[in-house]
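[1] using only what follows, build the 3D model:
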Amino acid sequence: MKKFLAMILCCAMLLGVAPAAFAANEDVEGKITVYTSIYQFVIDMIVEELKAEFPNLEVEMFYGGTGKLQEKLAGEMVNGTLGCDMMLVAEPAYSLELKEGGWLHQFEVEDADSMLRFPYDEDGYWYPVRVCNMVLAYNPERYSADELPKTFKEFAEDESLKGKISMGNPLTSGTTMAAVAALTDVYGYEYLTALGNNDVMIESGSVALEKLNSGECKVIMILEESVLKARKEDGSKIECIYPEDGVILIPSTAMIVDEDKSANMNTEACEAVANWLLSEAGQKLILEGYMHSVFAGMKDVPYDSVDTDGLIEKDMGVDWERCYQDREEIRTEFQERVTVG
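    Residues are numbered from 1 along each chain as shown. Reported below is the predicted structural model:
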């Protein structure tokens, strides 16, 4: 059998056919379970591509917001074994926590230093595979851009917006948590007080988009990908506002669970999948999912978006160590100043 496969591959090379066409990854076998906060429609695309790339590997992907996944994993940690083998979560802060706790498997991505334009763990415990972008959005069919905020600061403080703004929940959404951490780092916890005083609504992106369509909201804080998806797939006229005080870029990470603490003890397969996500094919899928690529020099952008390198220059930045170490404090301040106060 091995000789037969070798003959096929040799013929392919002579004919100029790519070896990938013959399922070069057929030796990757078994099963892996992935916990992820990636939207379901992107999960479906990834699973379909992985079936073709790894025909003998069963990949099960479990969706949940980062906050919900953290709750699930906390319960599993009690028994010393997690229900997954790999994680694709919203932001690096949780990666720092899992690395510190000894839950992760170390692996290498070849040429990571030159290939990636976003930071990765130098010890090899996590790598960014996609980039989310927190922006503001409005409906030009309902309101003029001239009367709306140009900055995140104005979004919270402009009293003409009272009761007409919306954002996600940092207790359940990792990307919103990252945004709140960044904004309170720049403007202090007074930023949260301003949001509370302005009667910000806390809800999902889909609900917020509906309120932009109806005119119930004037402007919302939301992931760019949600707006781009609505524009392409629904013909929506909703537009992004890229805040002048900085966008908030969130490189979302891939992590592999330490084999002795994983569900299926298949780190080899997980490494193959992680490296595939950081291949040309994997990054193309990220772009199709309306997120930005982590590749240095990548000029392609998600549908109807703007230059990624330009966004990096305007990135407000997130202190991921603070986002991890002060997570509970930030959540408590948010609850007291926004949802209660």
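
[2] check contacts around the closest residue to T176 other than its chain neighbours.
    Spatial nearest neighbour of T176, excluding adjacent residues (Cβ to Cβ, 6 or more residues apart in numbering): G168 at 3.6 Å. All C-beta atoms are positioned from the backbone trio N, CA, C, and that covers glycine. Residues near G168 by Cβ atoms under 8 Å, 6 or more residues apart in numbering: 175-176, 202-205, 208, 221-222.

[3] any low-confidence regions in the stretch 201-341 of the chain?
    340-341 (pLDDT under 70).

[4] now for the host helix or strand of N275, which elements pack on it?
    Using DSSP states H and E, N275 sits in helix 267-277. Applying 3 or more Cβ pairs under 8 Å, 6 or more residues apart in numbering; DSSP states H and E, one finds that helix 267-277 contacts strand 30-36, helix 40-53, strand 57-63, strand 86-88, strand 127-138, strand 248-256, helix 280-288.

[5] 6 Å instead?
    The contact analysis (3 or more Cβ pairs under 6 Å, 6 or more residues apart in numbering; DSSP states H and E) places helix 267-277 against strand 30-36, strand 248-256.

[6] right, so of those strands, which gets closest to L183?
    strand 248-256 (7.7 Å; Cβ to Cβ).

[7] export the closest one as PDB, just CAs?
    What follows is strand 248-256 as a C-alpha-only set of coordinates in PDB (Å, rounded to 0.1, in the frame of the first residue of the first chain):
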ATOM      1  CA  ILE A 248      -9.700  47.700  19.100                       C
ATOM      2  CA  LEU A 249      -8.100  44.700  17.400                       C
ATOM      3  CA  ILE A 250      -8.500  41.400  19.100                       C
ATOM      4  CA  PRO A 251      -6.200  38.600  17.900                       C
ATOM      5  CA  SER A 252      -8.000  35.400  18.700                       C
ATOM      6  CA  THR A 253      -5.800  32.400  19.700                       C
ATOM      7  CA  ALA A 254      -5.500  28.700  19.000                       C
ATOM      8  CA  MET A 255      -4.400  26.600  22.000                       C
ATOM      9  CA  ILE A 256      -3.800  22.800  22.400                       C
END
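
[8] partner strands of that strand and their direction?
    Strand 248-256 has the following strand partners under DSSP bridges: strand 86-88 (antiparallel), strand 127-138 (antiparallel).

[9] relative to helix 40-53, how tilted is the longest one?
    Relative orientation of strand 127-138 versus helix 40-53 (axes from the mean of the first three to the mean of the last three Cα atoms, to 10 degrees): 150 degrees.

[10] helices or strands up against the following helix or strand past strand 127-138?
    Where DSSP H and E defines the elements, the next helix or strand beyond strand 127-138 is helix 152-157. If contacts are counted by 3+ Cβ pairs under 6 Å, 6+ apart, helix 152-157 sits against helix 190-197.

[11] buried residues in the helix it packs on, which are they?
    Neighbour-count burial for helix 190-197, counted by 16 or more other Cβ atoms under 10 Å, picks out 191-196.

[12] for stretch 69-83, same thing?
    69-70, 72-73, 82-83.

[13] next one: stretch 308-328
    Buried residues in stretch 308-328 (16+ other Cβ under 10 Å): 308, 311, 315-316, 318, 320, 322-324, 326-327.

[14] mind checking the end-to-end distance for it?
    For stretch 308-328, the first-to-last residue distance is 31 Å (Cα to Cα, to the nearest Å).

[15] outside of it, which residues touch it?
    92-93, 96-97, 178, 181-182, 185, 246-249, 292, 301 (Cβ atoms under 6 Å, 6 or more residues apart in numbering).

[16] any chance of these in TSV, plus distance to K162?
    Output for those, formatted as TSV (distance: Cβ to Cβ, whole Å):
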residue	distance to K162
P92	34
A93	31
L96	37
E97	36
A178	26
A181	25
A182	23
D185	25
G246	24
V247	24
I248	23
L249	29
H292	33
V301	35
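
[17] show me the residues you listed that map onto strands.
    In this view, these that belong to strands under DSSP state E are 248-249.

[18] which of the contacts of stretch 308-328 sits closest to S144?
    Nearest member of the contacts of stretch 308-328 to S144, counting by Cβ to Cβ, is V247, at 21.9 Å.

[19] count of neighbours near the closest one?
    By other Cβ atoms under 10 Å, 26 other residues sit near V247.

[20] where's it relative to G310, distance?
    10 Å (Cβ to Cβ, to the nearest Å).

[21] what's the answer for F155, then?
    Distance, F155 to G310, using Cβ to Cβ: 21 Å.

[22] buried residues in stretch 241-256?
    Buried positions in stretch 241-256, judged by neighbour count with 16+ other Cβ under 10 Å: 241-243, 245-256.

[23] mind checking the end-to-end distance for that stretch?
    For stretch 241-256, the end-to-end distance is 35 Å (Cα to Cα).
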